[in-house]
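Novice: Okay, sequence plus prediction incoming.
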Amino acid sequence: MSHADLLSPPRSVAFPDPHPFVIAGREFRSRLMVGTGKYASNAQMLDAIEASGAEVVTVAVRRVDLDRSKDESILHHLDPDNFFLLSNTAGCYNATDAIRYARLARAAGFNEWVKLEVIGDQQTLLPDTTGLLQATKTLVEEGFKVLAYTNDDLITALRLEDAGAVAVMPLASPIGSGLGMLNPYAIRTIKQRLSVPVIVDAGVGTASDACIVMEQGVDGILMNTGIAAAQDPVRMAAAMKAAVEAGRHAYLAGRMPRREVAVPSSPTTGMLGSAT
Amino acid sequence: MTGTEVFEAEIALRVNGAERRVPTNWTLADLLASLRLDPRVIVVERNGTILRDRASFASLPLERDDTLEIVHFVGGG
């Protein structure tokens, strides 16, 4: 009998996710959402998005530069038929500005979704949660699907949900910091208490950060700098894709309990020279 | 006596924060064409109001002291 006869034929086993990733009634194929900023070139951005497997890509609204406007719109590079464009209100420091940017983005004609950011402080880019709640209420009344970028505070997250946000997006750590998830307890608590999807947005620096975020059971993750600022953004995008999938599997699989004592993996019986 | 009150060939607008002079009879579509902007990938806000109907650009005359904001999507996170 050869060695191979002892082995079962190789099995191809799929691990379907029992909970599809659905936001506001729309199902998305990837739990990884990516930004489109800070890339060295449009070609690199496109390669990175492709490697990430992301379906949702974020974009920003800015003035056209009238002095050199020939090829600046990202729509010349990103085919809106292939991606779900999620516009953000990055750079807005009060509710009025964020609402204005959201309305301009909707008028572009792709969808009524917005990643709502109301920034409160230039140094930390932490959210102004008062302005955020105010803008969420107004935009929800106007029919927007609001995905609200917020901090890791449960009470704000609950209030955003009450205000009609279709997803709440707590940060892992400050935007662009790459510090990874600073408060897994807070993120888990938000996930446990909210009914709408929880998508961690900002702070992921490398693949293990993304994996740990997904292991908390959150629904998805949005990142930009963690990919774009890597030495090789396209390879990092592939790493992030694998990490998000691994973290999701690990969460669904349910990790072993942590113990502060060792437990042997091999049998303790049947040792040579033992009495029995 | 300057005589300019009788007929002015141009009007002044503010476009994306800068003054710009255009012929008096221009429409918004004329301005966009002169800037080589594809109306399908931009959004125009005129005097604080978003212009949702791109088909109307060709029949929308520009007025003296109009404030226009012309925006589009760029890379962002």
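Specialist: Received the coordinates, thanks. Numbering: from 1, shown residues only, chains lettered A, B, ... in the order given.

Novice: who in chain B is up against chain A?
Specialist: Within chain B, the positions adjacent to chain A are B:15-18, B:35-38, B:41-43, B:45, B:50-52, B:69-77 by CB under 8 Å from any CB of the partner chain. C-beta coordinates here come from the backbone N, C-alpha and C atoms, glycine included.

Novice: Among those, name the buried ones.
Specialist: B:15-16, B:35, B:37, B:41-43, B:45, B:51, B:69-77 (16 or more other CB atoms under 10 Å in any protein chain shown).

Novice: Any idea which residue of the stretch 51-200 of chain A lies closest to chain B?
Specialist: Per CB to the nearest CB, A:Ala60 is where the stretch 51-200 of chain A lies closest to chain B, at 2.7 Å.

Novice: so how many other residues sit close to that residue?
Specialist: 24 (other CB atoms under 10 Å in any protein chain shown).

Novice: OK, contacts around the nearest residue to it once chain neighbours are set aside?
Specialist: With CB to CB, 6 or more residues apart in numbering or on different chains as the criterion, A:Ala60 has its nearest non-adjacent residue at 2.7 Å, and that residue is B:Gly76. The contact partners of B:Gly76, taken as CB atoms under 8 Å, 6 or more residues apart in numbering or on different chains, are A:Gly35, A:Thr36, A:Gly37, A:Thr58, A:Val59, A:Ala60, A:Asn88, A:Ala90, A:Asn224.

Novice: As a check, name the ranges of all strands in the stretch 51-200 of chain A.
Specialist: With DSSP state E, counting those that start in this stretch as the criterion, the stretch 51-200 of chain A has strands at A:56-63, A:84-88, A:113-116, A:145-150, A:167-170, A:199-201.

Novice: in a helix, that's where A:Arg235 is, yeah?
Specialist: Yes. A:Arg235 forms part of a helix when assessed by DSSP: H, G, I helix; E, B strand; the rest coil.

Novice: Can you give me the pLDDT of the residue nearest the centre of chain B?
Specialist: The C-alpha lying nearest the average C-alpha coordinate of chain B belongs to B:Leu28 (CA atoms, centre = their mean; 4.9 Å). With respect to pLDDT, B:Leu28 has a value of 96.

Novice: That one contacts B:Glu63, correct?
Specialist: No. If you go by CB atoms under 8 Å, B:Leu28 and B:Glu63 don't touch, sitting 10.3 Å apart.

Novice: Give me the below-cutoff pLDDT ranges for the stretch 151-276 of chain A.
Specialist: A:276 (pLDDT under 70).

Novice: how about a cut-off of 80?
Specialist: A:275-276 (pLDDT under 80).

Novice: Now for the residue in it that chain B sits nearest to, how many residues are close by?
Specialist: Among the residues of the stretch 151-276 of chain A, A:Asn224 lies closest to chain B, at 3.1 Å counting by CB to the nearest CB. Neighbour count for A:Asn224, taken as other CB under 10 Å: 26.

Novice: packing partners for the longest strand belonging to chain B?
Specialist: The longest strand of chain B (DSSP state E) is strand B:67-75. In terms of contact count using 3 or more CB pairs under 8 Å, 6 or more residues apart in numbering or on different chains; DSSP states H and E, strand B:67-75 is assigned the packing partners strand A:56-63, helix A:95-107, strand B:10-15, helix B:28-34, strand B:43-46.

Novice: got the buried residues for the first one?
Specialist: Which is strand A:56-63. Buried-residue list, strand A:56-63, by 16+ other CB under 10 Å: A:Val56, A:Val57, A:Thr58, A:Val59, A:Ala60, A:Val61, A:Arg62.
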